[in-house]
Structures are given as C-alpha cells and as structure tokens.
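[1] Need coordinates for the following:
(2 chains)
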Amino acid sequence: KNEVEQSPQNLTAQEGEFITINCSYSVGISALHWLQQHPGGGIVSLFMLSSGKKKHGRLIATINIQEKHSSLHITASHPRDSAVYICAVNRDDKIIFGKGTRLHILP
Amino acid sequence: NAGVTQTPKFRVLKTGQSMTLLCAQDMNHEYMYWYRQDPGMGLRLIHYSVGEGTTAKGEVPDGYNVSRLKKQNFLLGLESAAPSQTSVYFCASSRQRNQPQHFGDGTRLSIL
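    Numbering: from 1, shown residues only, chains lettered A, B, ... in the order given. Purely as a prediction, here's the structure:
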C-alpha cells in the first residue's frame, strides 16, 4: 500500500463546478504539500500546511492531522485549472509523493 | 531571479554512457533534491542534500551518484546509463526541511 494515496486518480468536470481532491497518508508527517503540474511539465508548489486550512484565490487546502487526511478544493473551476495535482508529505528529511490526480475542466 | 535551473533539458544516451545533470539554485536554499518521474509512478526521490558538502540516499538511489560541492549546485551523475533510467528528472530546493519546494523545469532523459 502506498504511504500517500490520492483520490480520484482522474476527474473531469464542467467549468464552474466545485472540485475536491483528497489525500490520505499512513505515516507520521511534519508537513503536507499540494503541488500543481501543468501539461508542459512544470511543477509549482500551491500550499504547504501542517494544520488547519489555507486559502489562496479560488484554492483551499485543509488538513486533519488526527485522521491523516487532506483535501484540496477549487471553487468556480476554470479550464486553466486543468493539470495534475500532487499531494506530498514531509517525513524526516524526505518527501513522499502521491501519484497525482489528473483534473480536466471542460469549457 | 532564475530560481532553480536544470541543464540539459533533453538528452539521449546509449546504454553504458555516462553523464551529469546539473541543478543550480540562486535562492540560498539549504535543501536540494533530485527526483525522477515515471508514468504511473509519481515522483520518487533519488538523492537529497541538507546542506553544502552533504548528500543522502532517497527512495531509488541505485545507479546514481550526487555531489554538493557548492551550496548552489547539486549534480546528479549516471556512471553507466541503463534503459531503466529513461525518465524525466526534476531538481528541487527548499530553504529548510518543512518549507515549500521550488522545482526546476525538468530534464527528459532517454537511454537507448
């Protein structure tokens, strides 16, 4: 079993829909990251959080340490949000990645 | 302000050849990482460094060596390339352990 599991693996939605991507982990962590990888391949860090909730524009990330679970929400989704969203966790000096969720927003 | 720069961006090698991938960061970050990304596998950590002169093994270190002689540079070497090392390689850096990582644009490496 992977230490970091994401769901769903693939998600297609209509423009304007509210999007939720989930991440569950099975190891002790010191921080959790959400990353975005666009079709061109570049990877951008969206959030790093160790508790609670963070918001940036239309993106919201939450984490529940007790349940070992995090969610990434996108409000008012847009075709430019189409990308692979990757969850990763800090464990000691290393980072463990989920396999990513491929999101496709239709106009 | 370039951030994290990887060279080269593309390379094709023959089995058995050697090469070095260079990662350079201009943000004075302590931590640097080398990852490989393969279809269906996600990013996997090859080696990492927590400061100048230090290196450590990650999840998939076999067949690779690294060096961090200068704080701003982290080199990844393949001594004898194998087809299984065909992948996209990403370098990243962060200020400290629990800090956001900044990624390079990736190096697409094919081993024939």
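[2] Number of residues surrounding B:K14?
    9 (other Cβ atoms under 10 Å in any protein chain shown). Where C-beta positions appear, they are placed from N, C-alpha and C, glycine not excepted.
[3] what's near enough to touch it?
    B:K14 sits next to B:A81, B:I111, B:L112 when contact means Cβ atoms under 8 Å, 6 or more residues apart in numbering or on different chains.
[4] Let me see the mean pLDDT of the lengthiest strand in chain A.
    In chain A, taking DSSP state E as the definition, the longest strand is strand A:83-91. If you average the pLDDT over strand A:83-91, you get 94.
[5] Can you spell out which helices and strands pack onto it?
    strand A:4-7, strand A:19-25, strand A:31-37, strand A:69-74, strand A:94-97, strand A:101-106, strand B:42-49 (3 or more Cβ pairs under 8 Å, 6 or more residues apart in numbering or on different chains; DSSP states H and E).
[6] mean pLDDT for these: which is lowest?
    Among the helices and strands packed on strand A:83-91, strand A:94-97 has the lowest mean pLDDT, at a mean of 88.
[7] picking up where we left off before, among the contacts of B:K14, who's most crowded?
    In the contacts of B:K14, the most neighbours by other Cβ under 10 Å go to B:A81, 21 neighbours.
[8] Any figure for the gap between it and A:K53?
    With distances taken as Cβ to Cβ, to the nearest Å, B:A81 is found 45 Å from A:K53.
[9] Could you do B:S80 as well?
    For B:S80, the distance to A:K53 - Cβ to Cβ - is 48 Å.
[10] So which residues on chain B come close to chain A?
    By Cβ under 8 Å from any Cβ of the partner chain, the residues of chain B that approach chain A are B:31, B:33, B:35, B:40-45, B:48, B:50, B:56, B:58-59, B:88, B:90, B:92, B:97-103, B:105-106.
[11] Buried members of the residues you listed into ChimeraX, please.
    Buried subset of these, written as a ChimeraX selection, criterion 16 or more other Cβ atoms under 10 Å in any protein chain shown:
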select /B:31,33,35,42,43,44,45,48,58,90,92,99,101,102,103,105,106
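[12] The nearest residue to A:I19 once chain neighbours are set aside - how many residues pack around it?
    Among residues not flanking A:I19 along the chain, A:I74 sits closest, at 4.0 Å (Cβ to Cβ, 6 or more residues apart in numbering or on different chains). A:I74: 20 surrounding residues under other Cβ under 10 Å.
[13] which residues does the spatially closest residue to A:I43 that is not a sequence neighbour contact?
    Of all residues not flanking A:I43 in the chain, B:F103 sits nearest, at 4.1 Å (Cβ to Cβ, 6+ apart). Applying Cβ under 8 Å, 6+ apart, we find B:F103 in contact with A:L35, A:G42, A:I43, A:V44, A:S45, B:V4, B:F90, B:C91, B:A92.
[14] Find the centremost residue of chain B, please.
    B:W34 (3.0 Å; Cα atoms, centre = their mean).
[15] Confirm that residue sits in a strand?
    Yes: membership of B:W34 in a strand is supported by DSSP: H, G, I helix; E, B strand; the rest coil.
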